[in-house]
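Undergrad: Need coordinates for the following:
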Amino acid sequence: MWRYVLINRAAGTVLTLGEARIRELLADMIASAPGRPELLFIDCAELERILQQVKQSGEDDVVIVGGGDGTASTAAGILAGSRTTLGVLPLGTMNLLCRASGIPLDITAAASALLTGRSEPIDLGSVNGRVFVHHVSLGLHPKLVSLRNARGYRSRVEKMWASLLSWFQVVRQPPTISVQVVAGQGRRRLRMRTPALIVTNNRFRREVGSLPQPERLDGGTLELHLAKSDRTLDVINMSLAALTGRWDDAALFETIESADCKVTLYRRRVPASVDGELLDLSTPLMFRSMPGALQLLRPPPSS
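TA: A predicted model of the protein is given here:
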């Protein structure tokens, strides 16, 4: 039974279209869904409170959450290991989980797809016990997010523009961090200085032109990518490679696949981007894959 449709009122699409228009676009889904779920526009604190209540009920319920990647990550972290199935509506900028799970990016099409969806287990990742759905990054991306947030934005377009301006600023003076990584078969040890370390939930696609997306949602592994050079031109090329699926470019990345890993830095805390959300994490960083940790509502495969 569908319990709730929870919409983050701060999501980019909500700010652009308005709550009344979103309500109109979801009207058919609400009317047709099993159990006639309650539609609520809420903030992050309310989202967490309601999801905790649903999880504690122990029922085989479905909860639909609308927002960006940070909203999806928060919901997944709360519902991990429970009997509740999560459905995701694409109301953010990148909507990476929607893309990976085959949910259309058009709101009404996504709503229709979820109505015919089925619950399937997918993997999550964790860093120091904090769940992530897509990736954790150190260095370049956290600095970009920090600069973007400082610029401020009130819509999806403004967020994209702020991100682009911040990217130009970061690549001119890229950060550098010293890390030691222990991961992979045989517990490989690697020490290096890098402008960017990215840990992904499952292996990413190697399709030129594709956005950063996992090859599958149930691979039971993590993938570590460390940028090899902090020269401006190399950092620009690395950024473009990450956005276009060129993860196998050995001139740009050192890559390790592992079910778990330890990342040690020569500092007590480090800023990190966790599914796009800026956090301050204690070191060392302990990463692990969480196979089948979340029940996700996915549309049937297209014929």
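
Undergrad: Only C-alpha atoms from now on, for both contacts and neighbour counts.
TA: OK.

Undergrad: and residue 67, what are its bridge partners?
TA: Beta-bridge partners of residue 67, counted by DSSP bridges, are residue 90.

Undergrad: what's the distance between it and residue 165?
TA: Applying Cα to Cα, to the nearest Å, the value for residue 67 to residue 165 is 24 Å.

Undergrad: These two: who's more crowded?
TA: residue 67 (24 against 15; other Cα atoms under 10 Å).

Undergrad: so what's the more buried one up against?
TA: Applying Cα atoms under 8 Å, 6 or more residues apart in numbering, one finds that residue 67 lies in contact with 7, 8, 10, 11, 12, 88, 89, 90, 91, 92.

Undergrad: Let's see the PyMOL selection covering just the buried ones among those residues.
TA: Only the buried entries of the contacts of residue 67 go into this PyMOL selection, using 16 or more other Cα atoms under 10 Å:
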select buried, resi 7+8+10+11+12+88+89+90+91+92
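
Undergrad: Format the contacts of residue 67 as a markdown table; extra columns: pLDDT and distance to residue 49.
TA: Output for the contacts of residue 67, formatted as a markdown table (pLDDT from 0 to 100; distance: Cα to Cα, whole Å):
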| residue | pLDDT | distance to residue 49 |
| --- | --- | --- |
| 7 | 97 | 14 |
| 8 | 97 | 13 |
| 10 | 91 | 17 |
| 11 | 91 | 18 |
| 12 | 85 | 22 |
| 88 | 97 | 18 |
| 89 | 97 | 19 |
| 90 | 96 | 21 |
| 91 | 95 | 21 |
| 92 | 90 | 21 |
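
Undergrad: by contact count, what packs against the helix or strand hosting residue 169?
TA: Secondary structure assignment for residue 169, by DSSP states H and E: helix 156-172. Judged by 3 or more Cα pairs under 8 Å, 6 or more residues apart in numbering; DSSP states H and E, the packing partners of helix 156-172 are helix 12-17, helix 140-151, helix 232-243.

Undergrad: now stretch 214-231: mean pLDDT?
TA: For stretch 214-231, mean pLDDT is 94.

Undergrad: how about that stretch as CSV, C-alpha atoms only?
TA: The C-alpha trace of stretch 214-231 is given here as CSV (Å, rounded to 0.1, in the frame of the first residue of the first chain):
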residue,chain,number,x,y,z
PRO,A,214,26.3,2.8,-12.6
GLU,A,215,26.4,-0.1,-15.0
ARG,A,216,24.0,-1.9,-12.6
LEU,A,217,22.3,-1.2,-9.3
ASP,A,218,23.1,-4.6,-7.8
GLY,A,219,26.8,-5.2,-8.5
GLY,A,220,27.8,-5.4,-4.8
THR,A,221,31.0,-3.3,-5.2
LEU,A,222,32.5,0.2,-5.0
GLU,A,223,34.8,1.9,-7.4
LEU,A,224,37.5,4.4,-6.4
HIS,A,225,38.8,7.0,-8.9
LEU,A,226,41.8,9.2,-8.0
ALA,A,227,42.8,12.0,-10.3
LYS,A,228,46.5,11.8,-11.2
SER,A,229,47.3,15.5,-11.9
ASP,A,230,46.4,18.9,-10.4
ARG,A,231,47.5,20.9,-13.4
